[in-house]
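Visitor: Quick one, fold the following:
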Amino acid sequence: MASRLSLTALALVAGLVAAPSASFAQADGQGSGGVTKVLASAGAGFNTEAVQSLIDRGDAAVAAGNLDQARKDYDTARSASKQLLAFYRDLSGAFRGLDARIPREMDTKGRAALTLLAESNLRLAALFRRQNQPEVAVPVLIEVVRLMTPSNPQGQKAYQSLLELGFVETPFAAAKSSSN
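Guide: Numbering: from 1, shown residues only. From the prediction side, this is the model:
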């Protein structure tokens with residue numbers, strides 16, 4: 001019986017070693033034997049660089065007068081930023097207390113995703129204002145103030161937009177003193 005179990009275990013191990021493994025990475029094309037991290041690529045990956053690329057595409061669409069495409073790009077950037085932020089927070093929490101390097105990395109990436117979320121929201125709000133839809137811009141601007149706080153330049157910019165729209169009436173005094 002013991003020899004039959006060891007033969008079965010040996011067959012399983014041999015089968016796992018000999019079987020081709022699935023890989024989601026592609027060769028880097030440099031002949032170095034390394035792999036490219038597919039999700040880390042700047043143009044088409046799922047990372048902050050890809051979100052920035054979407055924001056840039058939205059900016060180009062606005063410059064070309066294609067406001068519908070700009071809205072799609074900003075909305076996509078906004079959604080991707082929110083997803084990245086949630087994933088980075090989840091990973092940070094999962095590794096907290098186990099390996100300090102991973103939460104630090106995820107927190108840094110999370111801050112970058114948060115900044116991109118605020119940027120995409122500000123761009124989207126500006127687009128709504130340009131299309132004479134200030135009531136649609138208000139919740140997006142409030143989200144920026146909530147996420148970034150009024151002490152952050154992006155939060156201040158969002159609050160200033162709310163002031164310009166007439167949604168709020170009291171100017172934020174710290175915004176004036178920090179811009180000097």
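Visitor: all strands of the chain, in order?
Guide: 26-27, 35-36 (DSSP state E).
Visitor: Worst mean pLDDT among the ones you listed?
Guide: Confidence, taken as mean pLDDT, is least for strand 26-27 of the strands of the chain (a mean of 43).
Visitor: mind checking which helix or strand of the protein has the lowest mean pLDDT?
Guide: helix 2-18 (a mean of 39; mean pLDDT, DSSP states H and E).
Visitor: For residue 129, which non-adjacent residue is closest in space?
Guide: residue 137 (5.3 Å; Cβ to Cβ, 6 or more residues apart in numbering). Where C-beta positions appear, they are placed from N, C-alpha and C, glycine not excepted.
Visitor: Any figure for the gap between the one you found and residue 58?
Guide: 15 Å (Cβ to Cβ, to the nearest Å).
Visitor: now do residue 94
Guide: Counting by Cβ to Cβ, the gap from residue 94 to residue 58 is 33 Å.
Visitor: Please identify which of those two sits among more neighbours.
Guide: More neighbours surround residue 58 than the other of residue 94 and residue 58, with 26 against 12 (other Cβ atoms under 10 Å).
Visitor: The residue lying closest to the more buried one once chain neighbours are set aside and residue 153, how far apart?
Guide: Excluding the flanking residues, the one nearest residue 58 by Cβ to Cβ, 6+ apart is residue 73, at 3.5 Å. Shown here: residue 73 relative to residue 153, a distance of 23 Å by Cβ to Cβ.
Visitor: swap in residue 160?
Guide: Between residue 160 and residue 153 the distance is 10 Å, computed by Cβ to Cβ.
Visitor: Show me which of the two is the more surrounded one.
Guide: Applying other Cβ under 10 Å to residue 160 and residue 153 shows that residue 160 carries more neighbours, namely 15 against 12.
Visitor: tell me the pLDDT at the more buried one?
Guide: On the pLDDT scale, residue 160 is placed at 93.
Visitor: how close does it get to residue 174?
Guide: Going from residue 160 to residue 174 by Cβ to Cβ gives 12 Å.
Visitor: can you check residue 158 too?
Guide: Taken as Cβ to Cβ, the span from residue 158 to residue 174 is 14 Å.
Visitor: Same drill for those two, tell me which one is more crowded.
Guide: Neighbours per residue, other Cβ under 10 Å: of residue 158 and residue 174, the larger number sits with residue 158, 26 against 12.
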